[in-house]
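**Q** Got a predicted model here, sequence first, then my questions.
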Amino acid sequence: MEELKKIAGIKAAEYVKDGMTVGLGTGSTAYYFVEEIGRRVQEEGLQIVGVTTSSGTTAQAENLGIPLKSVDEVDSIDVTVDGADEVDPNFNGIKGGGGALLMEKVVAVPTKDYIWVVDESKLVDTLGAFKLPVEVVQYGAERLFREFEKKGYKPSFREYDGVRFVTDMKNFIIDLDLGAISDPVAFGSKLDHQVGLVEHGLFCGMVNRVIVAGKDGVRILENHA
Ligand code: 5RP
């Protein structure tokens with residue numbers, strides 16, 4: 001699996017050329033993309049500016065000597081490469097397994113060529129087996145949690161070692177165990193209107209291409225919509 005992630009990450013780096021502003025994703029697959037960009041910066045003198053999607057990716061990029069700018073300092077991003085937790089045939093996906101969905105979406109929106117790198121286990125017919133992460137402000141989070149319970153969303157606060165996880169943006173993550181999301185676009189819009197919920201992990205139709213590494217090689221799924 002690790003080898004497949006690496007293949008996808010390195011393949012995605014082919015889309016990066018001199019002079020580009022490049023969104024650097026978060027997670028164990030995007031890690032290999034960032035690593036390859038760092039190698040090219042160091043060994044080939046690649047000239048790019050990176051925009052990161054989490055404090056973890058910032059630390060990795062700084063260690064590799066990749067020049068960085070904040071998303072506030074750029075008007076647009078040429079290409080962003082990020083991972084995903086699930087991808088359906090309509091180019092809808094769930095992200096946020098690594099807890100960085102808010103920053104990831106903020107970077108994805110001004111991106112001209114938005115690319116996901118996944119191993120083939122991430123391709124699904126219907127989203128929702130992976131719990132949908134939603135990022136909520138701390139104030140009122142318990143009340144929101146109870147509201148999700150009443151709606152049957154089977155929420156759980158994201159915790160690591162028994163400690164509630166706080167995102168880089170100082171929010172909580174609530175994971176929703178929805179089973180199957182029959183209409184991700186409609187469900188995403190519903191969540192968009194939930195006060196106290198800052199962002200959700202449904203990224204519907206945003207991605208331009210998905211690089212899928214599998215046991216039979218690499219496939220590139222192009223979203224022509
Ligand atoms: C982090 C993300 C990741 O991109 C997603 O969880 C996929 O991660 P990985 O490549 O480690 O499976 O959305 O918030």
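**A** Great, that's in hand.
**Q** Quick check, pLDDT for A225.
**A** At A225, the pLDDT value in this model is 84.
**Q** May I have the residues that are in contact with it?
**A** Neighbouring residues of A225 by Cβ atoms under 8 Å, 6 or more residues apart in numbering: F91, G205. Any C-beta I mention is one placed from the backbone N, CA and C, and that applies to glycine too.
**Q** what do you get if the cut-off is 10 Å, keeping everything else the same?
**A** Taking Cβ atoms under 10 Å, 6 or more residues apart in numbering as the criterion, A225 is in contact with N90, F91, G205, N208.
**Q** With secondary structure and neighbour count as new columns, can those residues be given to me in a markdown table?
**A** What follows is the contacts of A225, written out as a markdown table (DSSP: H, G, I helix; E, B strand; the rest coil; neighbours: other Cβ atoms under 10 Å):
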| residue | secondary structure | neighbour count |
| --- | --- | --- |
| N90 | coil | 13 |
| F91 | coil | 20 |
| G205 | coil | 14 |
| N208 | coil | 20 |
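**Q** would you turn those residues into JSON lines with distance to T21 and pLDDT?
**A** Conversion of those to JSON lines gives the following (distance: Cβ to Cβ, whole Å; pLDDT from 0 to 100):
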{"residue": "N90", "distance to T21": "28", "pLDDT": "97"}
{"residue": "F91", "distance to T21": "23", "pLDDT": "98"}
{"residue": "G205", "distance to T21": "23", "pLDDT": "95"}
{"residue": "N208", "distance to T21": "16", "pLDDT": "98"}
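**Q** Quickly name whichever of the residues you listed is closest to G9.
**A** Distance to G9 across the contacts of A225 (Cβ to Cβ) is lowest for N208, with 17.0 Å.
**Q** Now K112. Its backbone dihedrals?
**A** phi -80, psi -40 (degrees, to the nearest 10).
**Q** quick revisit: so of the contacts of A225, which two are at opposite extremes in space?
**A** N90 and N208 (13.7 Å).
**Q** shared neighbours of the two, anything?
**A** Contacts common to N90 and N208, judged by Cβ under 10 Å, 6+ apart, are N223, A225.
**Q** neighbours around I10, how many?
**A** Close neighbours of I10, defined as other Cβ atoms under 10 Å, add up to 19.
**Q** List the contacts of it.
**A** Going by Cβ under 10 Å, 6+ apart, the list of residues near I10 reads Y32, F33, E35, E36, I37, R39, V117, I211, A213, V218.
**Q** quick revisit: could you dump the contacts of A225 into JSON lines with distance to the ligand added?
**A** Below are these laid out as JSON lines (distance: Cβ to the nearest ligand atom, whole Å):
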{"residue": "N90", "distance to the ligand": "18"}
{"residue": "F91", "distance to the ligand": "15"}
{"residue": "G205", "distance to the ligand": "17"}
{"residue": "N208", "distance to the ligand": "16"}
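**Q** Good, wrapping up.
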